[in-house]
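1. okay, predicted coordinates and the sequence, questions at the end:
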Amino acid sequence: MDKSPAIRIALVQTNLHWQDKTANLAALEEKIWTLKEACDLIVLPEMFPTGFSMDSATLAEPMNLQVHKWMKQLAAQTGAVLTGSMIICEGGKYYNRLLWVEPNGNTQHYDKRHLFRMANEDTSFAAGEKLPIFSLNGWKICPQICYDLRFPVWSRNHWTEGKAAYDLLFYVASWPAARISAWDSLLPARAIENLSYCLGVNRVGIDGNQIAYNGHSAVYDFKGETLANLGDKEQIQILHLEYTALEEYRSKFPAWKDVDIFKLNP
């Protein structure tokens, strides 16, 4: 398969208005239109329309309503895939759902697998059971949400005839400042162990529960080396990730040949 030599990704590190979809969508739209160049992928934080709220019954909406339609419109206007998570109701259940919205309107999703019980997320939402792999310009991309970062088995890259299941692993998050050292440590670890690029987009500011967030959105290469770190301020940064460098490293350092083979029960 031919690979794109680079993929252009915009990391949107932002503060969020507490439980105010209209304000958040307006602010994010304004920020996205400040991008200085065209992108292939725009990544927003976890629960970007509302902040990390457990008030699922009040804030949830079905697919293809306000937020999803906004994502479709912005993806079409920018020509980029738009991704981030929101609160979705479906089949009588609530999900912390990451939407992957393409410029043509096609949408795929990932429901957060590991629910943060310390904030009662496990009693407010249903856990996802499937881990999709998205495709973009020849790249294979694996989505994850926040607390998933602590569970490496769920993000394990699998290899078939020398081909990796994915080339880029990404996390959207509402990761508190109180535990940011774990975020800073685990993101590069996921990159190293999976021979993959890895990025995380976290929010900043203080939410309605008085939880503080200090960003540290970052991108790491397949050796765990830092390609970008956005610090603790609101900002958007665009990164170009090279596939050829990844392919060369996997060829020269084929640790994937020695991985433990196992299957994960859903």
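-> Now that the structure is in, tell me what you want to look at. Numbers count the residues shown, from 1 in each chain.
2. rest of the way, CA atoms for contacts and neighbours
-> Will do.
3. for the helix or strand bottoming out on mean pLDDT in the chain, the distance to its chain's centre please.
-> Lowest on mean pLDDT, DSSP states H and E among the helices and strands of the chain sits strand 159-160, with a mean of 93. Put simply, strand 159-160 sits 23 Å off its chain's centre (Cα atoms, centre = their mean, to the nearest Å).
4. and for stretch 8-28?
-> 14 Å.
5. sorry, back to before: ok, then the element right after the least confident helix or strand of the chain?
-> Downstream of strand 159-160, the first helix or strand assigned by DSSP states H and E is strand 163-164.
6. pull up the pairing partners for that following strand, direction included.
-> Strand 163-164 sits in its sheet next to strand 159-160 (antiparallel), going by DSSP bridges.
7. phi first, then psi, for residue 206.
-> For residue 206, the backbone dihedrals (degrees, to the nearest 10) come out as phi -120, psi 130.
8. ok, so what distance separates it from residue 178?
-> Distance, residue 206 to residue 178, by Cα to Cα, to the nearest Å: 12 Å.
9. compare these two (neighbour count), which wins?
-> Legend: neighbour count by other Cα atoms under 10 Å for residue 206 and residue 178, higher for residue 206 (18 against 11).
10. so what pLDDT did that one get?
-> What the model reports as pLDDT for residue 206 is 98.
11. repeat that for residue 266.
-> 60.
12. span of stretch 209-223 from start to end?
-> Stretch 209-223: ends 37 Å apart by Cα to Cα.
13. just the element for residue 172, please.
-> strand 168-173.
14. how far off centre is that strand?
-> Distance, centroid of strand 168-173 to centroid of chain: 3 Å (Cα atoms, centre = their mean).
15. next secondary structure element downstream of that strand?
-> The helix or strand immediately downstream of strand 168-173 is helix 180-194, counting by DSSP H and E.
16. what's the angle between that following helix and strand 168-173?
-> On the basis of axes from the mean of the first three to the mean of the last three Cα atoms, to 10 degrees, helix 180-194 is oriented at 160 degrees to strand 168-173.
17. beyond helix 180-194, next helix or strand please.
-> strand 197-202.
18. any common contacting residues for residue 206 and residue 178?
-> Here residue 206 and residue 178 share the contacting residues residue 212, scored by Cα atoms under 8 Å, 6 or more residues apart in numbering.
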